[in-house]
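> The amino acid sequence is not available; the structure is as follows:
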């Protein structure tokens, strides 16, 4: 019998429920919207929600209600909904638009809204920004309902107003502009910094309720930075942040955060003490420490008195004690009623104690004490359902988790009918409370896994297929899918090989997995360069740029807020940064609204491709080879125009990582600050070929252009250097037995890259988008940049004295020769080319240059810095340049590259390990809120973001010996006009392969093409 991963189960089943208890209960969808804290606007399209906003100035009476409208790609709210009793003021005057400078309003008369009927309509235009606002209003009895906001979000205003009036969800599509380039986790960080702290806290728990763990982590991390001990919730935020870190496997960081939470919690705060106790228990379960978890649950906590009588609350009677409690728990609460009054501390304590029993049951189940585990889970369920007769729907996750645990204990006991019933009940609970959520996908995947284990394979496959299909429309699903889909892939692999349906299903499912951040950046570039007028593309790019500035400013605020004893300058900078964030968020949201006038930006770009779409995209002689890491297992798919094959790679993830490390070490190592090469391990390269490609060797024999999508460790290894012929390996081994043989002579090895073009892709959809992008319109063919000027000692010292994490002066002391740049210019022709070297090649000069978008090929030959200068410092990828003016640091940084304005077919990075990664921290500093810690997420991603359709980058330091790099680059440019980029690189590589001096992969295999290598490097004028 298959056991589920305990750490995963603990994180998935337990991480969210306790966190939800500290927020207002969120009602199930069959309850009126008026008793919910938030509700989704519409049912499809861009995700927009209406969030309770009791602080809006228009709210005067205790029965008035207000909501802010928050949409996925907007940094701040796009409008508001109001339900106001007995008002005599005109809605336009009420919202204050007529009093605002530069805003002129005119009534349009009546408008018809589906599901609602006729309403009053007013449009207000800002004469400076030309941005329109809309106001809709209607009356029902003594209540006036108003929707106001940016005109670009008109569909959200209409659907939300209809829902507000009917007090029920309304079906419909929210068709507003979306960049569709920032993943939900990235935008969660932006919204967490832009919303007011109450709104951010509510949204954090909303993400928790919906099972979007990574998004919740971003919110709580930002809340910790923003709180600074001032709101009395520091312990709560720290505990939540600690839990998220534990769920991500960062146990040391989690422990430190829990310790800080213990210090911050009030001595008499029994609720938060229970919260921390439970979260620490989950932390131990994540580490497989079941006995320690059971012991921790005995930790004493403060007793909570019953306090306010729940019956009094339900009846609506406001006693003096209840009044004090309402003001203490939520000073913004203006609504009263049975479901709306919030939980008392006693009730929250009960639910947290119920969760403690649930966690005890998890630990007992891990210890295989199934009978005691089931008893503990039943006790937990009874405790939780005793609170308000089980009407507290914010406990839906906890009740669902308990049902899942009861299912597991029943399964282990052999009671399959009971197990299936419990799994089904777990789904029903979350499906009612939180539809279209990652946790609903998880609940269904758990049932599918059970069906597969119990022999109902067809039912399991069908349910898994539904999970995969639904995941494409559930924000944040990719974060959890990698663990959920392992059993699905195993079931698909077990099906008959002559049936293409399992491979097609695997191809679709593999796209639900999380990918490197460069995939989002390619999607942004594709949308920017899609067909349309220049104004639309410029507006799109500006909106994306503002998102980066928001992320960058948010990171700056977090860093400044984390200082225990900030000085006056730091406090001043913090104030400036917060003001700037407010302005940037407003501007970005207005830009999104303006984008709505262009229909193509109101269309949601599909994130996945069907197998048939990929096969139609491929040309004769092409194939798409995709590696997928799911849990600890590795699966591969080969797609050709006529066929598809899928198989499981025999290696484990750990073994694959070791193989990649060993192969890279046999190519080049940095020892004592210098590169050292060793005889390449061709035998290991042959074994890896057999694991990854052996099962499809026959199909590959017909492939002349392979589009290769690596995953995990394979992102760090060029595919060319695999060996596809055993005889050539045997011949090399036999030849090297001679004492006088040259161990570095690899001529005769049948490399996988010999005779076959290769392109690197990061997702099927992004490759399709890159292939569809029109070529550059630049009027110049080539720009070469490199050979930095060696600065004098005083300038070097000025650049480094203030920062211990700056690079040493020797970094600029050995510039790379510009010979390869001049060679390329001479081959292409000087009339359409330019080379910039020496003092003119400075970071400040490049950033000031306004014609970079006129060059179709941009070529850097300089040192790349991809590691940290010291172990304690953060790695910030950069290219070495000359020093410019006072503000120059002699580096073109990851952040600065993103700010370049390029329109390039190809950027060539002839520098050290430019295919390497940027850390998450460096990405956030640069305002890149997605990805990080993946190969290709560093300089490659920065240049794609700047406007490069394809990037040629290196996987290790490029060699100077035997003029290898110059010969390689010169060979590329020596190719005839119209030859594919990948072909020109391959032909140059093959010349080095066949030379005994440069046949070692160190000399020829470093460079890869990210993008579509079938596109030409050089074209006819």
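Structure's in. What do you need? Computed from a prediction, not measured in an experiment: that's the story for all the values here.
> In the one helix or strand residue 462 maps to, which residues are buried?
Taking DSSP states H and E as the definition, residue 462 sits inside helix 457-471. Neighbour counts over helix 457-471 (16 or more other C-beta atoms under 10 Å) mark 460, 461, 463, 464, 465, 467, 468, 470, 471 as buried. (Each C-beta comes from the backbone N, C-alpha and C, glycine too.)
> Pass me the low-pLDDT residue ranges in the stretch 151-300 of the chain, would you?
Applying pLDDT under 70 to the stretch 151-300 of the chain flags the ranges 180-191, 193-196, 198-199, 205-206, 208-214, 226-232, 248.
> Quick one: the helices in it, in order.
Ranges of helices in the stretch 151-300 of the chain, per DSSP state H, counting those that start in this stretch, are 154-166, 184-194, 197-209, 213-227, 234-247, 251-264, 270-286, 290-296.
> which secondary structure elements does the fifth one contact?
So that's helix 234-247. Packing partners of helix 234-247 (3 or more C-beta pairs under 8 Å, 6 or more residues apart in numbering; DSSP states H and E): helix 213-227, helix 251-264, helix 270-286.
> unless I'm mixing things up, residue 1005 is touching residue 989, no?
Yes: if you go by C-beta atoms under 8 Å, residue 1005 and residue 989 touch, sitting 7.1 Å apart.
> same question for stretch 412-425, mean pLDDT?
On average, the pLDDT along stretch 412-425 is 94.
> now do stretch 722-734
The average of the pLDDT scores along stretch 722-734 is 96.
> and what of stretch 79-92?
For stretch 79-92, mean pLDDT rounds to 87.
> end-to-end on it?
Terminal residues of stretch 79-92 are spaced 14 Å apart (C-alpha to C-alpha, to the nearest Å).
> And stretch 496-503, by the same measure?
Terminal residues of stretch 496-503 lie 10 Å apart, using C-alpha to C-alpha.
> can you pull the contacts of residue 106?
Neighbouring residues of residue 106 by C-beta atoms under 8 Å, 6 or more residues apart in numbering: 122, 123, 124.
> on that earlier part again, residues in contact with both of residue 1005 and residue 989, list them for me.
Counting by C-beta under 8 Å, 6+ apart, the residues touching both residue 1005 and residue 989 are 720, 753.
> Strands along the stretch 651-800 of the chain, start to end?
With DSSP state E, counting those that start in this stretch as the criterion, the stretch 651-800 of the chain has strands at 669-671, 674-676, 705-709, 757-760, 780-788.
> do you know which of the ones you listed lies nearest residue 271?
strand 705-709 (47.8 Å; C-beta to C-beta).
> what sits up against the closest one?
Under C-beta under 8 Å, 6+ apart, the answer for strand 705-709 is 618-619, 621-627, 700, 719, 756-764, 767, 980, 982, 1012-1014.
> who does that strand pair up with?
Strand 705-709 sits in its sheet next to strand 622-630 (parallel), strand 757-760 (parallel), going by DSSP bridges.
> Can you say which of those is packed in most?
The highest mean neighbour count among those, using mean count of other C-beta atoms under 10 Å, belongs to strand 757-760: a mean of 24.
> what about residue 493, neighbour count?
Applying other C-beta atoms under 10 Å, we find 16 residues neighbouring residue 493.
> likewise residue 727?
Using other C-beta under 10 Å, residue 727 has 9 neighbouring residues.
> Same question for residue 375.
Counted by other C-beta under 10 Å, the residues lying close to residue 375 total 16.
> so it sits in a strand?
No: read with DSSP: H, G, I helix; E, B strand; the rest coil, residue 375 is helix and lies in no strand.
> Quick check: the gap between it and residue 976.
To residue 976, residue 375 is 78 Å away according to C-beta to C-beta, to the nearest Å.
> How about residue 698?
To residue 976, residue 698 is 32 Å away according to C-beta to C-beta.
> what do you get for residue 71?
50 Å.
> The two: who's more crowded?
Using other C-beta under 10 Å as the criterion, residue 71 and residue 976 rank with residue 71 on top: 30 against 10.
> tell me the SS of the nearest residue to residue 40 once chain neighbours are set aside?
Distance criterion C-beta to C-beta, 6 or more residues apart in numbering; nearest residue to residue 40, sequence neighbours excluded, is residue 49 at 5.5 Å. What three-state DSSP gives for residue 49 is strand.
> change the start of the numbering to 681 and stick with it
Will do, 681 is the new start, and the previous item becomes residue 729.
> How many residues are close by residue 729?
18.
> Tell me, what's the model's pLDDT at it?
pLDDT for residue 729: 84.
> For residue 1277, give me the pLDDT.
81.
> does it count as helix, strand or coil?
With three-state DSSP as the basis, residue 1277 sits in coil.
> Go ahead and confirm it touches residue 831.
No: between residue 1277 and residue 831 there is no contact under C-beta under 8 Å: 9.1 Å.
> Show me which of those two is the more surrounded one.
The neighbour count for residue 1277 versus residue 831, taken as other C-beta under 10 Å, is higher for residue 831 (19 against 15).
> was I right about the more buried one contacting residue 806?
No: contact status for residue 831 versus residue 806: not in contact, 10.6 Å apart, counting by C-beta under 8 Å.
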